[in-house]
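J.: Any chance you can model this:
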Amino acid sequence: MKETLILAKLNGNQIVLAKTKNGERKQITHAVLCGKYGQIFGTETHCNKYYSVWSRIFPLLFEKAIEASDIEIEDYQGTPNLVNILIEENDKLSPKLDLSFLDKPSSKT
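T.: Residues are numbered from 1 along each chain as shown. You can find the predicted model right below:
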C-alpha cells in the first residue's frame, strides 16, 4: 500500500516536542511525514524543498502529497538517512531492466 506524503505545519506544542527529540537549537516549524518510512523536521523552506521533490520522484511510494496544519504526529524523532531509505524502497518497487545484453560479446568485427 502506498503512503501519503505530508508537509505539516507544526503548532507550538509540536515544535517543542520536535526540538526536544532533534535538538533545542534546531529551527523547526514544519515536518515532512513519509508514513512508515519516517519523517524529517526543519524550517518551512527546508521541508518544502524535500516535500516538493519527493512528491515527484517517488510515485511508487506515495499515492498523494498533501499539506496540513492540523495533523497528529506519532514520532517526533527525525529519521536518519531518510532519503536513502526512500531510494532503497523505491528501487525495490521499480521494474527491473534487463541488462543481460551487456554481458554478451559483440558480434561486430
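J.: From N81, how far off is A8?
T.: A8 is 21 Å from N81, where distance means C-beta to C-beta, to the nearest Å. In this view, the C-beta of every residue, glycine as well, is placed from N, C-alpha and C.
J.: Of these two, which one has the most company?
T.: With neighbours defined as other C-beta atoms under 10 Å, A8 and N81 compare such that A8 has more, 23 against 10.
J.: can you tell me which residues contact that one?
T.: Neighbour list for A8: H30, A31, V32, L33, E67, A68, S69, I71, I73 [criterion: C-beta atoms under 8 Å, 6 or more residues apart in numbering].
J.: The protein: helices as residue ranges?
T.: 12-22, 44-57, 82-93 (DSSP state H).
J.: Among those, which comes closest to K2?
T.: Closest approach to K2 among the helices of the chain (C-beta to C-beta): helix 82-93, 9.4 Å.
J.: list the helices and strands the closest one packs on?
T.: Packing partners of helix 82-93 (3 or more C-beta pairs under 8 Å, 6 or more residues apart in numbering; DSSP states H and E): helix 44-57.
J.: Please identify the buried residues of the helix it packs on?
T.: For helix 44-57, a neighbour-count test (16 or more other C-beta atoms under 10 Å) marks H46, C47, Y50, Y51, W54, S55 as buried.
J.: can you give me the angle that helix makes with helix 82-93?
T.: For helix 44-57 against helix 82-93, the angle by axes from the mean of the first three to the mean of the last three C-alpha atoms, to 10 degrees is 10 degrees.
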